[in-house]
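>>> predicted coordinates and the sequence they were generated for:
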Amino acid sequence: MATELVTDIHIHVQPWEELRPGARAQLERGRMMDEILAVMRDPEVLLRRMDDAGVARVGLINYVSPDVMGFTARVNSFVTDYARREPKRLLAFGSVHPRFTQDPGGEVDRIADLGVRALKIHPPHQLIAPNAYRDGGDCPGLAAIYERASARKLPVMIHTGTSIFPLARNKYADPMAIDDVAIDFPELQIIMAHGGRPLWMPTCFFLLRRHPNVHMDISGIPPQSLLDYFPRLTEVADKTLWGTDWPGPGVPDLGKNLAAFRALALPPEARAAILHGTSAKLFP
Ligand SMILES: [Zn+2]
């Protein structure tokens, strides 16, 4: 068991000082902040915590959301600088916000050249539907992002499921809009974050089975409830990626959720696919 490889594809290592006060207060409520801030400052601290938890690789999730969360385009150089300490273990996720960029496609190229390995789109925090490039939607720039990500072979993670941060808008949280993206960009590898939790798990399960290029991470779902959320998880294990959403609410460290996940009654092959195999395909 100790040798089982683990990729936690969804943790948040972000420039904390950019957070707007309301969002920051919500993230910090009831948390011991010293250790969290030490991780944000120093990749060596994170690497030690990964070693303690038996985690080989992590995805460092970042996204631009100046008006809702406070994060600016500086997150991209922040995360690529951070990941440079150990690029094989630290996967930099960056972001292009189509409403705050003149040239969204060019910006994808720029941050890919910086070292970003994947993109994050956060519809409820960026106030865009994933398919808002279609049907006269209000965000035609999204198409350039998907097109360049596809050409540069950058997987795109799209947040799905509700958010209760102060200015988040949950009309953008429904994963069904990803159906259009999967059809229009068949070479693009898509990861639905959080499996649509807590309202849209059946939608995510449907999209996983329908589209070869759609995957999901199970971060933010309490592991002990995972099989209630996805009773047929084994059928989609090869499309599913382990993630915790640390330091989000209810995730004190990388190891606790991992132990709870390993206690679930899952076939060993399914467990291995979720913990590492699917990630290894998307991030060789
Ligand atoms: Zn997250």
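That came through fine.
>>> give me the neighbour count for the residue nearest to Val13 when sequence neighbours are not counted.
Using C-beta to C-beta, 6 or more residues apart in numbering and skipping residues adjacent in sequence, the residue nearest Val13 is Leu60, 4.5 Å away. Placement of C-beta: from N, CA and C, glycine included. Using other C-beta atoms under 10 Å, Leu60 is surrounded by 27 other residues.
>>> for Leu60, what are phi and psi?
Main-chain torsions, Leu60, degrees, to the nearest 10: phi -100, psi 100.
>>> now do it against Ala118, distance only.
Using C-beta to C-beta, to the nearest Å, Leu60 is found at 10 Å from Ala118.
>>> point out where the stretch 101-250 of the chain drops to low pLDDT.
Low-confidence segments of the stretch 101-250 of the chain (pLDDT under 70): none present.
>>> show me where it has its helices.
Taking DSSP state H, counting those that start in this stretch as the criterion, the stretch 101-250 of the chain carries its helices at 104-114, 123-126, 141-151, 178-184, 201-210, 226-229.
>>> nearest to Glu86, out of those helices?
Closest to Glu86 of the helices of the stretch 101-250 of the chain is helix 104-114 (C-beta to C-beta; 16.6 Å).
>>> mind listing the shared neighbours of Leu60 and Ala118?
Contact criterion C-beta atoms under 8 Å, 6 or more residues apart in numbering; residues shared by Leu60 and Ala118: Leu91, Ala92, Phe93.
>>> for the residues you listed, which one is nearest Met192?
Phe93 (14.2 Å).
>>> that closest one: which element?
Element membership for Phe93, per DSSP states H and E: strand 90-94.
>>> model confidence score at Asp253, please.
As predicted, Asp253 sits at a pLDDT of 87.
>>> now the one 4 residues further on
Predicted confidence (pLDDT) for Asn257: 94.
>>> sec struct for it, please.
Under DSSP: H, G, I helix; E, B strand; the rest coil, Asn257 falls in the helix class.
>>> and the gap between the closest residue in space to Pro87 that isn't next to it in sequence and Val156?
Spatial nearest neighbour of Pro87, excluding adjacent residues (C-beta to C-beta, 6+ apart): Gly115 at 7.3 Å. Distance, Gly115 to Val156, using C-beta to C-beta: 17 Å.
>>> more neighbours: these two, which one.
Higher neighbour count among Gly115 and Val156: Val156, with 24 against 16, using other C-beta under 10 Å.
>>> give me the beta-bridge partners of that one?
As for beta bridges, Val156 partners with Leu119, Ile190 under DSSP bridges.
>>> from what I can see it touches Arg148, true?
No: Val156 is beyond contact range of Arg148, at 10.3 Å (criterion: C-beta atoms under 8 Å).
>>> circling back: what about the residue nearest to Pro87, distance to Thr240?
Counting by C-beta to C-beta, the gap from Gly115 to Thr240 is 26 Å.
>>> show me where this protein has strands.
Here the chain has its strands, by DSSP state E, at 7-11, 57-60, 90-94, 118-121, 156-159, 190-193, 214-217, 240-241.
>>> the third one vs helix 104-114, what angle?
Here strand 90-94 runs at an angle of 160 degrees relative to helix 104-114 (axes from the mean of the first three to the mean of the last three C-alpha atoms, to 10 degrees).
>>> only alpha carbons, please: show strand 90-94 as PDB.
Taking Å, rounded to 0.1, in the frame of the first residue of the first chain, the C-alpha atoms of strand 90-94 are listed here in PDB:
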ATOM      1  CA  LEU A  90       4.200  20.200  -8.700                       C
ATOM      2  CA  LEU A  91       1.800  20.600 -11.600                       C
ATOM      3  CA  ALA A  92       1.000  24.300 -12.300                       C
ATOM      4  CA  PHE A  93      -2.600  25.100 -13.200                       C
ATOM      5  CA  GLY A  94      -3.000  28.600 -14.600                       C
END
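>>> identify the neighbouring strands of that strand in the sheet and state each direction.
Strand 90-94 is paired, per DSSP bridges, with strand 57-60 (parallel), strand 118-121 (parallel).
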